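> Here is my input, please return the structure:
(one chain, ligands or ions: 1)
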Amino acid sequence: MRTFDTALTRHAHIEVPIICGAMYPCSNPELVAAASEAGGIGIIQPISLTYVHGHDYREGLRLIRRLTSKPIGMNALIEASSKNYHERMIRWVNVALEEGVRFFVTSLGNPKWVVEAAKPLGGIVYHDVTERKWAEKGLAGGVHGLIAVNSRAGGHAGPKTPAQLMDELGPLGAPLVCAGGIGTPKEFHDALALGYAGVQMGTRFIATTECRASDAYKQAIIRAQENDIVLSERITGVPVAVINTPFIQRMGLKAGPLARWMLRGRRRKRLMRSIYAVKSLWQLKHASLDETGEKDYWQAGRSVAGIDSVESAGDVIRRFADG
Ligand SMILES: Cc1cc2nc3c(=O)[nH]c(=O)nc-3n(C[C@H](O)[C@H](O)[C@H](O)COP(=O)(O)O)c2cc1C
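Numbers count the residues shown, from 1 in each chain. Model prediction:
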(Lines give C-alpha, C1' and ligand atoms only; values in the text may rest on other atoms or scores of the structure.)
Protein backbone atom coordinates (compact mmCIF):
# COMPACT_ATOMS: atom_id res chain seq x y z
CA MET A 1 0.00 0.00 0.00
CA ARG A 2 1.19 3.50 -0.84
CA THR A 3 1.97 5.73 2.15
CA PHE A 4 1.75 9.53 2.26
CA ASP A 5 3.50 12.46 3.87
CA THR A 6 1.17 15.35 4.70
CA ALA A 7 0.67 17.61 7.71
CA LEU A 8 -2.14 15.28 8.81
CA THR A 9 -0.10 12.08 8.55
CA ARG A 10 2.69 13.75 10.55
CA HIS A 11 0.36 15.17 13.20
CA ALA A 12 -1.64 11.98 13.65
CA HIS A 13 1.31 9.56 13.09
CA ILE A 14 -0.57 7.67 10.37
CA GLU A 15 0.29 6.34 6.91
CA VAL A 16 -2.76 7.36 4.86
CA PRO A 17 -4.39 10.79 5.39
CA ILE A 18 -7.90 9.40 5.81
CA ILE A 19 -9.93 10.06 8.94
CA CYS A 20 -12.86 7.74 9.61
CA GLY A 21 -14.99 10.58 10.98
CA ALA A 22 -16.95 10.37 14.22
CA MET A 23 -20.51 9.29 13.56
CA TYR A 24 -23.44 9.24 15.91
CA PRO A 25 -24.80 6.49 15.90
CA CYS A 26 -22.52 4.63 13.46
CA SER A 27 -19.11 4.73 15.21
CA ASN A 28 -18.69 1.36 16.90
CA PRO A 29 -15.37 0.22 18.36
CA GLU A 30 -14.71 -2.35 15.61
CA LEU A 31 -15.05 0.30 12.88
CA VAL A 32 -12.81 2.81 14.67
CA ALA A 33 -10.15 0.14 15.23
CA ALA A 34 -10.31 -1.19 11.65
CA ALA A 35 -9.76 2.28 10.13
CA SER A 36 -6.74 2.87 12.36
CA GLU A 37 -5.33 -0.61 11.87
CA ALA A 38 -5.37 -0.09 8.07
CA GLY A 39 -3.24 3.07 8.32
CA GLY A 40 -5.89 5.81 8.56
CA ILE A 41 -7.32 7.01 11.86
CA GLY A 42 -10.65 6.10 13.43
CA ILE A 43 -12.40 8.67 15.60
CA ILE A 44 -14.36 7.63 18.68
CA GLN A 45 -17.80 9.21 19.12
CA PRO A 46 -18.33 8.97 22.89
CA ILE A 47 -22.16 9.02 22.90
CA SER A 48 -22.21 6.40 20.16
CA LEU A 49 -19.69 4.25 22.05
CA THR A 50 -21.65 4.33 25.30
CA TYR A 51 -25.33 4.92 24.55
CA VAL A 52 -25.66 3.14 21.18
CA HIS A 53 -23.10 0.37 21.45
CA GLY A 54 -23.42 -0.14 25.20
CA HIS A 55 -19.80 0.07 26.33
CA ASP A 56 -18.55 1.64 29.51
CA TYR A 57 -16.52 4.54 28.09
CA ARG A 58 -13.09 3.55 29.42
CA GLU A 59 -13.69 -0.14 28.71
CA GLY A 60 -14.74 0.78 25.15
CA LEU A 61 -11.44 2.60 24.64
CA ARG A 62 -9.58 -0.41 25.96
CA LEU A 63 -11.51 -2.71 23.63
CA ILE A 64 -10.39 -0.57 20.68
CA ARG A 65 -6.85 -0.69 22.04
CA ARG A 66 -6.97 -4.49 22.06
CA LEU A 67 -8.03 -4.44 18.39
CA THR A 68 -5.29 -2.05 17.25
CA SER A 69 -2.17 -0.53 18.71
CA LYS A 70 -2.15 2.25 16.10
CA PRO A 71 -3.25 5.84 16.80
CA ILE A 72 -6.95 6.48 17.40
CA GLY A 73 -8.79 9.76 17.83
CA MET A 74 -11.73 11.11 19.79
CA ASN A 75 -14.53 13.50 18.86
CA ALA A 76 -15.40 16.17 21.39
CA LEU A 77 -18.68 17.87 20.53
CA ILE A 78 -18.14 20.94 22.65
CA GLU A 79 -21.34 22.89 22.33
CA ALA A 80 -21.85 23.97 25.94
CA SER A 81 -25.65 23.82 25.80
CA SER A 82 -25.95 21.98 29.11
CA LYS A 83 -23.65 22.07 32.12
CA ASN A 84 -24.06 18.34 32.73
CA TYR A 85 -23.18 17.49 29.17
CA HIS A 86 -20.16 19.82 29.21
CA GLU A 87 -18.83 18.28 32.42
CA ARG A 88 -19.30 14.81 31.00
CA MET A 89 -17.38 15.81 27.85
CA ILE A 90 -14.49 17.11 30.00
CA ARG A 91 -14.37 13.72 31.76
CA TRP A 92 -14.47 11.88 28.42
CA VAL A 93 -11.56 13.93 27.05
CA ASN A 94 -9.53 13.34 30.23
CA VAL A 95 -10.18 9.59 30.21
CA ALA A 96 -9.19 9.48 26.51
CA LEU A 97 -5.91 11.21 27.39
CA GLU A 98 -5.32 8.76 30.26
CA GLU A 99 -5.92 5.88 27.84
CA GLY A 100 -3.36 7.23 25.37
CA VAL A 101 -5.54 9.03 22.81
CA ARG A 102 -3.54 11.93 21.32
CA PHE A 103 -5.68 13.09 18.39
CA PHE A 104 -8.90 15.05 18.90
CA VAL A 105 -11.54 16.33 16.51
CA THR A 106 -13.61 19.11 18.05
CA SER A 107 -16.95 20.26 16.66
CA LEU A 108 -19.17 23.28 17.42
CA GLY A 109 -18.22 25.53 20.41
CA ASN A 110 -14.79 26.83 21.43
CA PRO A 111 -12.07 24.15 21.35
CA LYS A 112 -9.66 26.05 23.62
CA TRP A 113 -10.17 23.86 26.69
CA VAL A 114 -9.54 20.68 24.69
CA VAL A 115 -6.29 22.20 23.35
CA GLU A 116 -5.26 23.14 26.89
CA ALA A 117 -5.92 19.60 28.14
CA ALA A 118 -4.25 17.81 25.22
CA LYS A 119 -1.25 19.98 24.30
CA PRO A 120 0.87 19.40 27.43
CA LEU A 121 0.69 15.65 26.66
CA GLY A 122 1.61 16.10 23.01
CA GLY A 123 -2.01 15.91 21.85
CA ILE A 124 -3.16 17.34 18.53
CA VAL A 125 -6.53 19.03 17.98
CA TYR A 126 -8.28 19.50 14.62
CA HIS A 127 -11.46 21.59 14.61
CA ASP A 128 -14.50 21.05 12.35
CA VAL A 129 -15.52 24.29 10.60
CA THR A 130 -17.86 25.34 7.81
CA GLU A 131 -16.61 28.90 7.30
CA ARG A 132 -13.83 31.36 8.07
CA LYS A 133 -15.42 32.90 11.19
CA TRP A 134 -15.35 29.53 13.03
CA ALA A 135 -11.89 28.72 11.67
CA GLU A 136 -10.47 31.92 13.13
CA LYS A 137 -12.12 31.20 16.47
CA GLY A 138 -10.67 27.68 16.48
CA LEU A 139 -7.18 28.89 15.58
CA ALA A 140 -7.38 31.56 18.30
CA GLY A 141 -8.08 28.65 20.67
CA GLY A 142 -4.81 27.01 19.54
CA VAL A 143 -5.98 24.14 17.31
CA HIS A 144 -3.39 22.54 15.03
CA GLY A 145 -5.57 21.96 11.98
CA LEU A 146 -9.01 22.53 10.52
CA ILE A 147 -11.54 20.10 9.11
CA ALA A 148 -13.35 21.95 6.36
CA VAL A 149 -16.89 20.54 6.27
CA ASN A 150 -18.37 21.23 2.83
CA SER A 151 -21.82 21.20 1.26
CA ARG A 152 -21.61 17.53 0.23
CA ALA A 153 -20.97 16.20 3.75
CA GLY A 154 -23.05 13.72 5.70
CA GLY A 155 -24.16 14.89 9.15
CA HIS A 156 -24.31 18.69 9.49
CA ALA A 157 -23.21 19.90 6.06
CA GLY A 158 -21.81 23.38 5.49
CA PRO A 159 -22.78 25.87 2.76
CA LYS A 160 -19.55 25.84 0.67
CA THR A 161 -17.77 23.63 -1.86
CA PRO A 162 -14.32 22.09 -1.21
CA ALA A 163 -12.71 24.60 -3.60
CA GLN A 164 -14.44 27.59 -1.95
CA LEU A 165 -13.31 26.39 1.48
CA MET A 166 -9.74 25.97 0.25
CA ASP A 167 -9.75 29.56 -1.08
CA GLU A 168 -11.29 30.92 2.11
CA LEU A 169 -9.34 28.92 4.71
CA GLY A 170 -6.06 28.19 2.88
CA PRO A 171 -4.63 31.67 3.62
CA LEU A 172 -5.01 31.02 7.38
CA GLY A 173 -1.99 28.71 7.06
CA ALA A 174 -3.27 25.72 9.10
CA PRO A 175 -3.46 22.21 7.60
CA LEU A 176 -6.89 21.63 6.07
CA VAL A 177 -8.78 18.34 5.91
CA CYS A 178 -11.61 17.97 3.38
CA ALA A 179 -14.83 16.57 4.91
CA GLY A 180 -17.73 15.75 2.66
CA GLY A 181 -18.43 14.07 -0.61
CA ILE A 182 -15.47 11.69 -0.69
CA GLY A 183 -16.72 8.29 -1.81
CA THR A 184 -14.15 7.18 -4.40
CA PRO A 185 -10.35 7.05 -4.68
CA LYS A 186 -10.52 9.75 -7.36
CA GLU A 187 -12.35 12.12 -5.02
CA PHE A 188 -9.71 11.46 -2.34
CA HIS A 189 -6.81 12.20 -4.71
CA ASP A 190 -8.62 15.25 -6.13
CA ALA A 191 -8.90 16.65 -2.59
CA LEU A 192 -5.15 16.17 -2.04
CA ALA A 193 -4.49 17.84 -5.42
CA LEU A 194 -6.55 20.85 -4.28
CA GLY A 195 -4.11 21.26 -1.40
CA TYR A 196 -5.91 19.40 1.39
CA ALA A 197 -3.72 17.52 3.88
CA GLY A 198 -6.23 14.68 4.00
CA VAL A 199 -9.91 13.79 4.06
CA GLN A 200 -12.49 12.94 6.69
CA MET A 201 -15.06 10.43 5.46
CA GLY A 202 -18.23 9.30 7.16
CA THR A 203 -20.78 7.84 4.75
CA ARG A 204 -18.23 5.60 2.95
CA PHE A 205 -17.38 3.92 6.27
CA ILE A 206 -21.02 3.11 7.10
CA ALA A 207 -21.08 0.70 4.14
CA THR A 208 -18.33 -1.47 5.66
CA THR A 209 -18.36 -4.92 7.21
CA GLU A 210 -17.15 -3.57 10.57
CA CYS A 211 -19.84 -0.92 10.91
CA ARG A 212 -22.71 -2.22 13.04
CA ALA A 213 -25.38 -0.23 11.20
CA SER A 214 -28.15 -2.46 9.84
CA ASP A 215 -27.82 -4.09 6.45
CA ALA A 216 -30.93 -2.16 5.35
CA TYR A 217 -29.07 1.13 6.05
CA LYS A 218 -25.94 -0.04 4.18
CA GLN A 219 -27.99 -1.18 1.18
CA ALA A 220 -29.83 2.16 1.12
CA ILE A 221 -26.44 3.93 0.88
CA ILE A 222 -25.43 1.66 -2.00
CA ARG A 223 -28.71 2.30 -3.85
CA ALA A 224 -28.85 6.06 -3.26
CA GLN A 225 -27.68 8.60 -5.80
CA GLU A 226 -26.57 12.14 -5.12
CA ASN A 227 -30.06 13.63 -5.62
CA ASP A 228 -31.54 11.22 -3.06
CA ILE A 229 -29.78 13.18 -0.31
CA VAL A 230 -31.87 15.95 1.25
CA LEU A 231 -31.32 18.28 4.19
CA SER A 232 -33.76 17.88 7.06
CA GLU A 233 -34.22 20.34 9.91
CA ARG A 234 -36.48 17.90 11.74
CA ILE A 235 -33.66 16.00 13.39
CA THR A 236 -31.57 18.51 15.31
CA GLY A 237 -33.08 21.87 14.38
CA VAL A 238 -30.24 22.60 11.93
CA PRO A 239 -30.03 20.95 8.49
CA VAL A 240 -28.79 17.34 8.56
CA ALA A 241 -28.14 15.28 5.40
CA VAL A 242 -30.39 12.21 5.15
CA ILE A 243 -31.52 9.75 2.50
CA ASN A 244 -34.91 10.78 1.12
CA THR A 245 -36.99 7.76 2.19
CA PRO A 246 -40.78 7.45 2.67
CA PHE A 247 -40.29 8.17 6.39
CA ILE A 248 -38.43 11.42 5.66
CA GLN A 249 -41.07 12.41 3.10
CA ARG A 250 -43.86 11.81 5.63
CA MET A 251 -42.04 13.86 8.24
CA GLY A 252 -41.24 16.84 5.93
CA LEU A 253 -37.91 18.64 5.85
CA LYS A 254 -38.67 21.88 7.68
CA ALA A 255 -39.03 22.33 11.43
CA GLY A 256 -42.71 22.72 12.43
CA PRO A 257 -44.15 26.12 13.50
CA LEU A 258 -43.73 25.45 17.24
CA ALA A 259 -40.15 24.30 16.81
CA ARG A 260 -39.39 27.29 14.58
CA TRP A 261 -40.72 29.66 17.23
CA MET A 262 -38.73 27.84 19.92
CA LEU A 263 -35.56 28.08 17.83
CA ARG A 264 -35.83 31.89 17.57
CA GLY A 265 -35.27 33.16 21.13
CA ARG A 266 -31.86 32.45 22.70
CA ARG A 267 -33.15 30.66 25.84
CA ARG A 268 -35.94 28.87 23.99
CA LYS A 269 -33.42 27.81 21.37
CA ARG A 270 -31.30 26.10 24.02
CA LEU A 271 -34.28 24.22 25.36
CA MET A 272 -35.44 23.25 21.87
CA ARG A 273 -31.96 22.02 20.99
CA SER A 274 -31.96 19.84 24.10
CA ILE A 275 -35.38 18.41 23.22
CA TYR A 276 -34.18 17.71 19.69
CA ALA A 277 -30.98 16.16 21.02
CA VAL A 278 -32.73 13.68 23.29
CA LYS A 279 -35.36 12.77 20.69
CA SER A 280 -32.94 12.42 17.81
CA LEU A 281 -30.38 10.43 19.81
CA TRP A 282 -33.09 7.88 20.55
CA GLN A 283 -34.58 7.80 17.04
CA LEU A 284 -31.25 7.59 15.22
CA LYS A 285 -30.00 4.84 17.52
CA HIS A 286 -33.03 2.65 16.87
CA ALA A 287 -33.21 3.39 13.15
CA SER A 288 -29.53 2.59 12.56
CA LEU A 289 -29.75 -0.80 14.25
CA ASP A 290 -33.19 -1.85 12.95
CA GLU A 291 -32.72 -4.75 10.53
CA THR A 292 -36.28 -4.71 9.17
CA GLY A 293 -35.55 -1.48 7.27
CA GLU A 294 -38.93 -0.12 8.37
CA LYS A 295 -37.34 2.71 10.34
CA ASP A 296 -35.86 4.33 7.23
CA TYR A 297 -34.34 7.31 8.99
CA TRP A 298 -30.78 7.29 7.73
CA GLN A 299 -28.11 9.98 7.69
CA ALA A 300 -25.77 10.01 4.69
CA GLY A 301 -23.96 12.52 2.50
CA ARG A 302 -23.70 13.02 -1.26
CA SER A 303 -20.71 10.67 -1.45
CA VAL A 304 -23.37 7.90 -1.71
CA ALA A 305 -23.06 8.43 -5.49
CA GLY A 306 -19.66 6.71 -5.58
CA ILE A 307 -20.41 3.91 -3.08
CA ASP A 308 -21.51 0.64 -4.65
CA SER A 309 -20.53 -2.16 -2.28
CA VAL A 310 -19.99 -3.13 1.34
CA GLU A 311 -16.25 -3.62 1.91
CA SER A 312 -14.04 -3.89 4.96
CA ALA A 313 -12.79 -0.52 6.23
CA GLY A 314 -9.24 -1.73 5.58
CA ASP A 315 -10.04 -2.48 1.93
CA VAL A 316 -11.53 1.00 1.55
CA ILE A 317 -8.38 2.64 2.91
CA ARG A 318 -6.00 0.48 0.84
CA ARG A 319 -8.05 0.97 -2.34
CA PHE A 320 -8.16 4.74 -1.80
CA ALA A 321 -4.41 4.92 -1.06
CA ASP A 322 -3.48 3.00 -4.18
CA GLY A 323 -6.27 4.33 -6.43
C1 LIG B 1 -24.31 9.17 10.17
C2 LIG B 1 -23.36 10.30 10.43
C3 LIG B 1 -23.17 10.73 11.73
C4 LIG B 1 -22.26 11.75 12.03
N5 LIG B 1 -22.05 12.11 13.33
C6 LIG B 1 -21.08 13.01 13.63
C7 LIG B 1 -20.76 13.29 14.99
O8 LIG B 1 -21.34 12.75 15.92
N9 LIG B 1 -19.78 14.20 15.24
C10 LIG B 1 -19.11 14.84 14.22
O11 LIG B 1 -18.22 15.65 14.51
N12 LIG B 1 -19.38 14.57 12.93
C13 LIG B 1 -20.34 13.67 12.61
N14 LIG B 1 -20.58 13.34 11.29
C15 LIG B 1 -19.73 13.93 10.23
C16 LIG B 1 -18.58 12.99 9.84
O17 LIG B 1 -17.65 12.87 10.89
C18 LIG B 1 -17.86 13.48 8.57
O19 LIG B 1 -17.34 14.78 8.72
C20 LIG B 1 -18.80 13.48 7.36
O21 LIG B 1 -19.52 12.28 7.33
C22 LIG B 1 -18.04 13.64 6.05
O23 LIG B 1 -18.93 13.59 4.96
P24 LIG B 1 -19.25 12.23 4.14
O25 LIG B 1 -20.31 11.55 4.89
O26 LIG B 1 -19.70 12.74 2.83
O27 LIG B 1 -18.00 11.42 4.04
C28 LIG B 1 -21.53 12.36 10.97
C29 LIG B 1 -21.74 11.92 9.65
C30 LIG B 1 -22.63 10.90 9.37
C31 LIG B 1 -22.80 10.44 7.95
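> Name the residue of the stretch 201-323 of the chain with the shortest distance to the ligand.
residue 202 (2.0 Å; Cβ to the nearest ligand atom). No exception for glycine: its C-beta is placed from N, CA and C like everyone else's.
> residues contacting that residue?
20-21, 23, 26, 153-155, 179, 301 (Cβ atoms under 8 Å, 6 or more residues apart in numbering).
> For those residues, point out the one with the lowest pLDDT.
Taken together, those show their lowest pLDDT at residue 155, with 90.
> Report the contact partners of it.
21, 23, 149, 202, 240-241, 299, 301.
> Quick check: the gap between it and residue 110.
Separation of residue 155 from residue 110 (Cβ to Cβ, to the nearest Å): 20 Å.
> Which members of the contacts of residue 202 are the farthest-apart pair?
26 and 179 (15.0 Å; Cβ to Cβ).
> the more surrounded of these two?
residue 179 (33 against 29; other Cβ atoms under 10 Å).
> thought that one was touching residue 146?
No - with contacts counted by Cβ atoms under 8 Å, residue 179 stays clear of residue 146, the gap being 9.9 Å.
> Overlap of the contact sets of the two?
Joint contacts of residue 179 and residue 146 (Cβ under 8 Å, 6+ apart) are residue 128.
> Quick one: name the residues of the stretch 1-150 of the chain near the ligand.
21-24, 26, 45, 75, 77, 107, 128, 149 (Cβ under 6 Å from any ligand atom).
> Spatially, what comes nearest to residue 164 if we skip its sequence neighbours?
Nearest-residue entry for residue 164: residue 150, 7.9 Å, with adjacent residues in sequence omitted and distances by Cβ to Cβ, 6 or more residues apart in numbering.
> Please tell me I have it right and that neighbour contacts residue 182.
No - Residue 150 sits out of contact with residue 182 when judged by Cβ under 8 Å, with a separation of 9.7 Å.
> picking that back up, closest one to the ligand out of the residues of the stretch 1-150 of the chain next to the ligand, please.
Distances from the ligand to these, taken by Cβ to the nearest ligand atom, are shortest for residue 21, at 2.4 Å.
> who touches the closest one in this structure?
43, 75, 105, 155, 179, 200-202, 205.
> Where is pLDDT lowest across these?
residue 155 (90).
> still on that earlier bit, select from the residues of the stretch 1-150 of the chain next to the ligand the one having the most neighbours.
Counting by other Cβ under 10 Å, top hit in those: residue 21 with 32 neighbours.
> separation between it and residue 202?
Residue 21 is 4 Å from residue 202, where distance means Cβ to Cβ.
> just residue 113 next, same as before
25 Å.
> okay if I get the residues of the stretch 1-150 of the chain next to the ligand as TSV plus secondary structure and distance to residue 280?
Listed next are these as TSV, based on DSSP: H, G, I helix; E, B strand; the rest coil; distance: Cβ to Cβ, whole Å:
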residue	secondary structure	distance to residue 280
21	coil	18
22	coil	16
23	coil	14
24	coil	9
26	coil	14
45	coil	14
75	strand	17
77	strand	13
107	strand	15
128	strand	18
149	strand	19
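> Give me the pLDDT value at residue 239.
84.
> and stretch 182-197, anywhere near the ligand?
Yes - applying Cβ under 6 Å from any ligand atom, one finds stretch 182-197 in contact with the ligand at residue 182.
> Mind listing residues that contact that stretch?
In contact with stretch 182-197 (Cβ under 8 Å, 6+ apart) are residues 4, 6-9, 17-18, 145, 148, 162-163, 166, 170, 175-178, 181, 198-199, 201, 203-204, 303-307, 319-320, 322-323.
> Pull out the buried residues from these.
Buried members of the contacts of stretch 182-197, scored by 16 or more other Cβ atoms under 10 Å, are 4, 6-9, 17-18, 145, 148, 162, 166, 175-178, 181, 198-199, 201, 203-204, 303-307, 320.
> hang on, residue 63 packs against residue 29?
Yes - counting by Cβ under 8 Å, residue 63 does reach residue 29; the two are 4.9 Å apart.
> what touches both of these two?
residue 55.
> which of the two has more neighbours?
residue 29 (26 against 18).
> still on that earlier bit, can you tell me which of the contacts of stretch 182-197 are in helices?
Mapping the contacts of stretch 182-197 onto helices (DSSP state H) picks out 7-9, 162-163, 166, 203-204, 319-320, 322.
> Redo these as a markdown table? Include pLDDT.
Shown next, in a markdown table, are the ones in helices among the contacts of stretch 182-197 (pLDDT from 0 to 100):
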| residue | pLDDT |
| --- | --- |
| 7 | 98 |
| 8 | 98 |
| 9 | 98 |
| 162 | 97 |
| 163 | 97 |
| 166 | 98 |
| 203 | 98 |
| 204 | 98 |
| 319 | 98 |
| 320 | 98 |
| 322 | 97 |
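> quick one: contacts for the closest residue in space to residue 7 that isn't next to it in sequence?
Among residues not flanking residue 7 along the chain, residue 175 sits closest, at 3.5 Å (Cβ to Cβ, 6+ apart). Residues near residue 175 by Cβ under 8 Å, 6+ apart: 6-8, 11, 126, 144-146, 197-198.
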